[in-house]
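In: Sequence and predicted structure are below.
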Amino acid sequence: MQEIVNIFVKSIFIDNMIFAFFLGMCSYLAVSKTVKTSAGLGIAVTFVLLVTVPINWLLNKYVLSPGALAWISPSLANVDLSFLSLIMFIAVIAAIVQIVEMTIERFSPTLYYALGIFLPLIAVNCAVMGGSLFMQERGYSSIGEVLAFALGSGIGWFLAIVAIAAIREKLRYSHIPPALQGVGITFIITGLMGLAFMSFMGIKI
């Protein structure tokens, strides 16, 4: 249990997708103009991570890893399908994103049109793909650890985009040099927030 809590906290603060790895920056910069829209996208990304990472972990464990097919037949113990990992991960992510897109369009048309092209682009959001690749690289041993990592990564990305959106809303009333207005000042603030999040590296659970 302690290891699951440790993974969850690390995923939010220490290994934050935005501030530690700068993954998902395109959506982060483009959508973070208002808190409402940012929160909607953050929830959607969190949901996609929470669904796709465990599914991809099961695929990796029981189908794609070297010798993973031994549970079907001992004769398949030498089969290695790891070269299909990227294709399979992408297929799972694209399918889940399509379901999320249709659901949001059905129940929240306002949010659907506010997110625009960046909703279907969750399928190619490197934070979502990075979640599955980190899961594979770190070799989590149980579904509980995978769920903790996925949820923590999603919450970390959600906090990052909502925080920068809140700051950008306040910046409208600030005097910013013309050369830094828009994306320029956002990059600077993101760098400062990344430095601030580095302080969490001292946490020992």
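Out: In hand now; what should we look at? Numbers count the residues shown, from 1 in each chain.
In: Could you export the helix or strand bottoming out on mean pLDDT in the chain as PDB, CA atoms only?
Out: Sorted by mean pLDDT, DSSP states H and E, the helices and strands of the chain end with helix 109-115, the least confident at a mean of 82. As requested, C-alpha coordinates have been extracted for helix 109-115 and formatted as PDB (Å, rounded to 0.1, in the frame of the first residue of the first chain):
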ATOM      1  CA  PRO A 109     -21.600  20.600 -26.600                       C
ATOM      2  CA  THR A 110     -20.300  23.900 -25.200                       C
ATOM      3  CA  LEU A 111     -17.100  22.300 -23.800                       C
ATOM      4  CA  TYR A 112     -16.800  20.200 -27.000                       C
ATOM      5  CA  TYR A 113     -16.700  23.300 -29.200                       C
ATOM      6  CA  ALA A 114     -14.500  25.200 -26.800                       C
ATOM      7  CA  LEU A 115     -11.900  22.500 -26.900                       C
END
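In: which outside residues touch the helix or strand just after that helix?
Out: Beyond helix 109-115 on the C-terminal side, the first helix or strand identified by DSSP states H and E is helix 126-138. By C-beta atoms under 8 Å, 6 or more residues apart in numbering, the residues outside helix 126-138 that reach it are 15, 17-18, 21, 23-24, 45, 48-49, 52-53, 56-57, 60, 85, 89-90, 92-93, 97, 122, 146, 149-150, 153, 157. In this view, the C-beta of every residue, glycine as well, is placed from N, C-alpha and C.
In: picking that back up, show me which residues of the least confident helix or strand of the chain are buried.
Out: By 16 or more other C-beta atoms under 10 Å, the buried positions in helix 109-115 come out as Leu111, Tyr112, Ala114, Leu115.
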